[in-house]
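[1] Return atomic coordinates for the entry below.
(one chain, ligands or ions: 1)
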Amino acid sequence: MKIAIIGFGAAAIGFIEKFKDTKNEIHIFEKSKDIYSSSISGIRADGKLFVSKEMGGELDIDIHLQKKLVDYYINHTSNHEIETGSSFTKIDFYKKFYEKGFLPIISDFSHLGTDQLKQVIYNIYKKFQSYNNLFFHFEHKINNIDFSNDKMSLNNTDIFDKVIVAVGRSGYKLVNNIIKKYPELILDNTKVDLGIRYEVPDHIVEELNKEMYEFKVKYKSKTGYMVRTFCNNPSGYVVTENYGDFVTINGHAKIKDKSKNTNFAILTTVKLTEPFNDPIGYGSHIAKLTNILAGKNKVILQTYSHFKNSKRTKDLYRVKPTLESKNFILGDINLAYPRRIIESIVDFIENLNEVIPGINNQDNLVYAPEIKFYSNRLNNNTFENLKFIGDCSGATRSIIYATAHGYLMAEKFI
Ligand SMILES: Cc1cc2nc3c(=O)[nH]c(=O)nc-3n(C[C@H](O)[C@H](O)[C@H](O)COP(=O)(O)OP(=O)(O)OC[C@H]3O[C@@H](n4cnc5c(N)ncnc54)[C@H](O)[C@@H]3O)c2cc1C
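    Here you go, the predicted structure:
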């Protein structure tokens with residue numbers, strides 16, 4: 001059988017790892033220039049590898065498989081130098097948050113760090129290259145897929161028995177092209193996460209950082225929206241993320257180079273009902289509006305008290321931003337964000353202050369737009385020879401879940 005995998009990210013790695021020893025011919029098409037390219041794979045920033053039943057995607061992935069895949073990535077580092085932690089496995093912390101209305105998320109994780117990830121991807125690729133049934137095609141962007149008599153053609157040229165689409169979120173254009181032709185693939189598309197990136201001095205969250213590195217909690221705010229923390233980066237850095245026609249905010253931490261601040265996202269999940277069917281459009285418009293106010297390729301930075309009281313920030317006080325000054329403008333996020341989102345976030349921070357004193361300090365930093373898109377949830381039972389794995393399928397949102405999705409798909413094929 002001749003199989004095509006489109007994209008070489010976490011999901012493709014899981015699929016190839018399980019499938020490589022079969023007699024099938026596997027061609028991997030990756031749009032990035034080469035394995036060193038900064039655009040290759042979503043696994044290029046931070047690399048927190050979570051083991052949890054409660055987050056990472058909407059699949060039920062066995063904990064043993066999750067642990068096995070974490071070890072797989074760690075075994076591809078050069079010296080196994082990683083940070084580890086457990087979120088809310090200690091009952092005292094769990095109770096402290098629970099008492100104040102938070103839902104603590106239990107997870108174990110290992111942190112590889114942005115600096116080590118490139119090496120890991122390279123080492124995995126090098127190993128795959130030694131197999132003579134695996135063929136890598138870099139600088140090969142796939143724009144469309146067609147069926148003809150049980151065979152699939154990519155970009156109207158190469159013909160395959162089966163095609164695995166593993167393009168992550170960055171491959172949304174290809175997925176949109178396929179969905180336009182086959183709308184029956186869509187199971188669900190109504191969610192988007194809108195929020196901010198919050199930055200505070202390390203000492204405010206020192207105890208939590210030391211205890212669990214990443215604290216993950218959810219909270220049902222007074223607006224009715226569920227709000228959650230995401231991607232905590234002790235001694236980390238805030239960075240911008242370029243989507244082509246708009247820029248959002250993100251954060252990461254390195255293993256060696258540390259800052260004096262901790263940043264994490266505070267996200268509100270917006271789930272709308274019919275006739276709404278364009279969560280990506282909704283989120284992108286809010287991001288673009290924020291960018292219009294901030295200036296090209298910039299985000300808005302505001303102090304927490306100004307964010308709460310809807311005033312433009314003109315200067316900062318004690319907390320120094322880790323985002324480079326060329327990437328932000330001091331402003332008012334209230335001019336771009338819907339009121340219900342802002343109210344939900346403020347309610348979250350005020351209640352969090354009951355557990356973490358100082359988290360609502362007036363001079364803590366708020367960055368926007370922080371937006372997490374959910375891909376359309378796709379139905380993998382629609383076609384026998386066309387499957388979607390990883391984030392582009394809408395079923396996963398993390399490295400381990402995406403890798404596991406690929407791995408389990410290969411297991412099914414075998
Ligand atoms: C800034 C950032 C930080 C993150 N940090 C973490 C973290 O710490 N822990 C965690 O668990 N998750 C994290 N994630 C999420 C994680 O990276 C993804 O969930 C995971 O990589 C998804 O794997 P995937 O294989 O589905 O997609 P990806 O890993 O994104 O791989 C998709 C590949 O497909 C290629 N591609 C796209 N379109 C095409 C096309 N048309 N033709 C050919 N090739 C194409 C891309 O170049 C890419 O190499 C982070 C994401 C981001 C953006």
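
[2] what about the residue in the stretch 301-414 of the chain that the ligand sits nearest to, how many residues close to it?
    The ligand sits closest to residue 390 of the stretch 301-414 of the chain, with a gap of 2.4 Å, by C-beta to the nearest ligand atom. Just so you know, the C-beta spots here come from the backbone N, C-alpha and C atoms, and that holds for glycine as well. Neighbourhood size, residue 390 [other C-beta atoms under 10 Å]: 36.

[3] which residues does the closest residue to residue 280 other than its chain neighbours contact?
    Of all residues not flanking residue 280 in the chain, residue 373 sits nearest, at 5.4 Å (C-beta to C-beta, 6 or more residues apart in numbering). Shown in contact with residue 373 (C-beta atoms under 8 Å, 6 or more residues apart in numbering): 169, 172, 192, 193, 279, 280, 283.

[4] Next: residue 200.
    261, 262, 263, 319, 358, 359, 361, 364, 365.

[5] residue boundaries of the helices in the chain?
    Under the criterion DSSP state H, the chain contains helices at 10-19, 63-74, 91-99, 114-129, 172-181, 206-212, 279-294, 304-309, 339-352, 399-413.

[6] winner for burial among those helices?
    Mean neighbours per residue, mean count of other C-beta atoms under 10 Å, is largest over these for helix 10-19, with a mean of 26.

[7] for it, packing partners?
    strand 2-6, strand 25-29, helix 399-413 (3 or more C-beta pairs under 8 Å, 6 or more residues apart in numbering; DSSP states H and E).

[8] repeat that with 6 Å
    helix 399-413 (3 or more C-beta pairs under 6 Å, 6 or more residues apart in numbering; DSSP states H and E).

[9] Now do the helix it packs on against helix 10-19, angle only.
    40 degrees (axes from the mean of the first three to the mean of the last three C-alpha atoms, to 10 degrees).

[10] beta partners of the residue of the stretch 201-350 of the chain found nearest the ligand?
    Residue of the stretch 201-350 of the chain nearest the ligand, by C-beta to the nearest ligand atom: residue 250 (4.7 Å). For residue 250, the beta-bridge partners are residue 239 (DSSP bridges).

[11] What's the local residue count around it?
    22.

[12] How about the one 3 residues further on?
    Other residues within reach of residue 253, judged by other C-beta under 10 Å, total 27.

[13] Could you give the residue of the stretch 101-250 of the chain that lies closest to the ligand?
    Counting by C-beta to the nearest ligand atom, the stretch 101-250 of the chain gets nearest the ligand through residue 168, at 2.4 Å.

[14] The stretch 1-150 of the chain now?
    Counting by C-beta to the nearest ligand atom, the stretch 1-150 of the chain gets nearest the ligand through residue 9, at 1.8 Å.

[15] Find the nearest non-adjacent residue to that residue, please.
    Nearest non-adjacent residue to residue 9 (C-beta to C-beta, 6+ apart): residue 41, at 4.0 Å.

[16] Give me the nearest residue to residue 111, chain neighbours excluded.
    residue 83 (4.1 Å).

[17] Could you list the low-pLDDT ranges of the chain?
    149 (pLDDT under 70).

[18] Enumerate the residues of it near the ligand.
    6-12, 29-32, 39-43, 45-48, 50, 141-142, 166-168, 170-171, 174, 241, 250, 390-392, 397-400, 402 (C-beta under 6 Å from any ligand atom).

[19] Pull out the buried members of those.
    6-12, 29-32, 40-43, 45-48, 50, 142, 166-168, 170-171, 174, 250, 390-392, 397-400, 402 (16 or more other C-beta atoms under 10 Å).

[20] tell me the domain ranges of the chain?
    Domain assignment for the chain, taken from automatic domain parsing, gives 2-77+114-187+377-413, 191-373.

[21] For the first one, measure first residue to last.
    End-to-end span of domain 2-77+114-187+377-413 (C-alpha to C-alpha, to the nearest Å): 13 Å.

[22] ok, now how distant is residue 311 from residue 128?
    54 Å (C-beta to C-beta, to the nearest Å).

[23] Go ahead and build a PyMOL selection from the buried members of the contacts of residue 200.
    The buried residues among the contacts of residue 200 can be selected in PyMOL (16+ other C-beta under 10 Å) with this line:
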select buried, resi 261+262+263+319+359+361+364+365
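
[24] Please flag which of the contacts of residue 200 sit within strands.
    261, 262, 263, 365 (DSSP state E).

[25] tell me the contacts of the first one?
    Applying C-beta atoms under 6 Å, 6 or more residues apart in numbering to residue 261 gives the contacts 199, 201, 322.

[26] Please name the nearest non-neighbouring residue to residue 407.
    Per C-beta to C-beta, 6+ apart, closest to residue 407 is residue 14, 3.8 Å.

[27] what does residue 125 give?
    Residue 125's closest residue in space is residue 35 (C-beta to C-beta, 6+ apart), at 4.9 Å.

[28] mind checking how far stretch 42-52 is from the chain centre?
    8 Å (C-alpha atoms, centre = their mean, to the nearest Å).

[29] for it, how far is the first residue from the last?
    Span of stretch 42-52 from end to end, C-alpha to C-alpha: 20 Å.
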